[in-house]
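1. Predicted model and sequence follow; I will ask about them next.
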Amino acid sequence: MAQNLMDKIVSLCKRRGFIFQGSEIYGGLSNTWDYGPYGVELKNNLKKAWWRSNVYERDDILGMDAAILMHPKVWEASGHVENFFDLKSDCKSCKKRFKTEALKDKNKCPECGGELTDSRPFNLMFKTYQGPIEDASSAIYMRPETAQGMFVNFLNILDSRHPKLPFGLAQIGKSFRNEITPGNFTFRTREFEQMEIEYFCRPEEADKFYDSWVEERFNWYLKLGLKKENLRKRQHSKEELAHYAKACTDIEYRFPFSTSGDDWSELEGIANRQDFDLKQHSKISGKELMYFDDQKKEKFYPYIIEPSGGVDRSVLAVLADAYHEEKVREDTRVVLKLNKEMAPTKVAVLPLLRNRPEIVELARRISKELKKSMVTVYDDTGAIGKLYRRQDEVGTLYCVTVDVQSLEDKQVTVRERDSMRQERISVDSLGEYLINRLK
Ligand code: ATP
């Protein structure tokens, strides 16, 4: 059943234009995905919600957008050149490569039963060359996280905006990791988007802010509309912690990847990175990335709390959580029960008879007017039942139907997605009616 659910989500994503296989006409490129017309809207809505709650609604966080390509010394300082490894094992027979950590039997190939090589470290950073000459001096990396772009700008932010501790930087952007085994649709890919906050604070306050960020971020996923029973927090054991971290808690979502439907997997990690990054960059760059407290007259390296989430994983969780099927007479109605903020389209305007020019003309006029204040589509490519089902499947909140009667009484039928309740509303007050409901 659960495996079924994931298949249904993947199929709906393709059928309705949320997510397509990357380079599909060439047979695809190993687990790359392209967001289609509805997917990009949903993804943008999610990013906007994150930016609003973390940047616009707070006084202590500033936004940033750093370059993907960074000086190679950044990755030396961060420890990625030395430590950003997964262990891999190769099958001597079928030549497939596996992440050692995921193998039940470390000696036997899970695909063909062949003998596996000893596990060997594999650096996850994508390496490329800058400029026309491909030699060691021109080698650079595609960033494996957005975080470093914020650390290296610490002094620029202090000098240009003069924030007082505690304060944070927020950034959304692409990251790249040469994952050994990408998979589970958009859950693990080699190119993905992150939303990260670096929150700088006094060292003695770090534990307090770590705890409050874990709560804050957990609650944010609830506000996205995810069901509480599908979310949990998981604290890392000492052995699991990254080299820079004092503590880390993952926010996990119960994804329907397998038949058990119990695949708790990471949506976001909240880590106490201590003063590791600022100290390291100070050491390697020779610039002192310290904070001066002008009241206490002291200089020190702030600690950093980092809530680091994945855009693609969050979009996938939102889709899985919203997917809903119900029996309507003989039929199965599929509805994406996305909340008002996430729904890619808020309103669809549908003419009941597409061969009646007056109806089409009125419907188009209504759609054009509504587009000024909400994301609205016009669709006359099928019979009304089919059009409703199509809009339900992409989570459109309201359908406005224009019929013969509308030409006389200047009223239209407004149908609400979840209840399917219908109301007659006058064309003149339609905009206000919908704006109030979408608030
Ligand atoms: P995992 O253990 O699943 O590999 P991670 O702990 O290495 O993830 P982080 O380094 O904490 O991940 O990155 C922060 C966030 O970025 C993750 O919580 C996840 O949402 C997202 N992310 C990381 N790697 C990928 C990936 N390969 N594909 C999609 N999203 C990713």
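-> Received it, and whenever you're ready, just let me know what you need.

2. Would you mind listing what in the stretch 151-300 of the chain touches the ligand?
-> Within reach of the ligand by C-beta under 6 Å from any ligand atom, the stretch 151-300 of the chain has these residues: 177, 179, 188, 189, 192, 194, 266, 267, 268, 269. The C-beta positions use only the backbone N, C-alpha and C, and glycine is treated the same way.

3. hang on, the second one packs against residue 124?
-> Yes - counting by C-beta atoms under 8 Å, residue 124 is a contact partner of residue 179 at 6.7 Å.

4. where exactly do the helices run in this protein?
-> 2-16, 37-51, 72-78, 80-83, 147-151, 154-161, 206-223, 276-285, 311-322, 357-370, 384-393, 404-409, 427-438 (DSSP state H).

5. Need these in CSV (columns: mean pLDDT and mean neighbour count).
-> Converted to CSV, these look like this (pLDDT from 0 to 100; neighbours: other C-beta atoms under 10 Å):
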stretch, mean pLDDT, mean neighbour count
helix 2-16, 89, 16
helix 37-51, 98, 18
helix 72-78, 95, 19
helix 80-83, 90, 14
helix 147-151, 98, 23
helix 154-161, 98, 14
helix 206-223, 98, 17
helix 276-285, 97, 18
helix 311-322, 98, 23
helix 357-370, 97, 17
helix 384-393, 96, 18
helix 404-409, 96, 13
helix 427-438, 97, 14
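
6. Run a quick neighbour tally on residue 31.
-> Using other C-beta atoms under 10 Å, residue 31 is surrounded by 19 other residues.

7. what's it in contact with, if anything?
-> Neighbour list for residue 31: 182, 183, 188, 189, 190 [criterion: C-beta atoms under 8 Å, 6 or more residues apart in numbering].

8. and these, which two are the farthest apart?
-> Of all pairs drawn from the contacts of residue 31, the widest gap by C-beta to C-beta lies between 183 and 190 and measures 10.9 Å.

9. who's more crowded, these two?
-> Shown here are residue 183 and residue 190; by other C-beta under 10 Å, residue 190 has more neighbours (18 against 11).

10. and that one, what pLDDT?
-> Looking at residue 190, its pLDDT stands at 97.

11. do the same with the one 3 residues further on
-> We note a pLDDT of 98 for residue 193 in this prediction.

12. I'd assumed residue 176 was in contact with it.
-> No - in this structure residue 193 lies outside contact range of residue 176 using C-beta under 8 Å: 10.6 Å.

13. In the stretch 301-439 of the chain, which residue sits nearest the ligand?
-> Per C-beta to the nearest ligand atom, residue 310 is where the stretch 301-439 of the chain lies closest to the ligand, at 2.2 Å.

14. Now for that residue, how many residues are close by?
-> Quick note: residue 310 (other C-beta under 10 Å) scores 23 neighbours.

15. Could you pull up the residues touching it?
-> Residue 310 makes contact with 192, 193, 194, 195, 267, 268, according to C-beta under 8 Å, 6+ apart.
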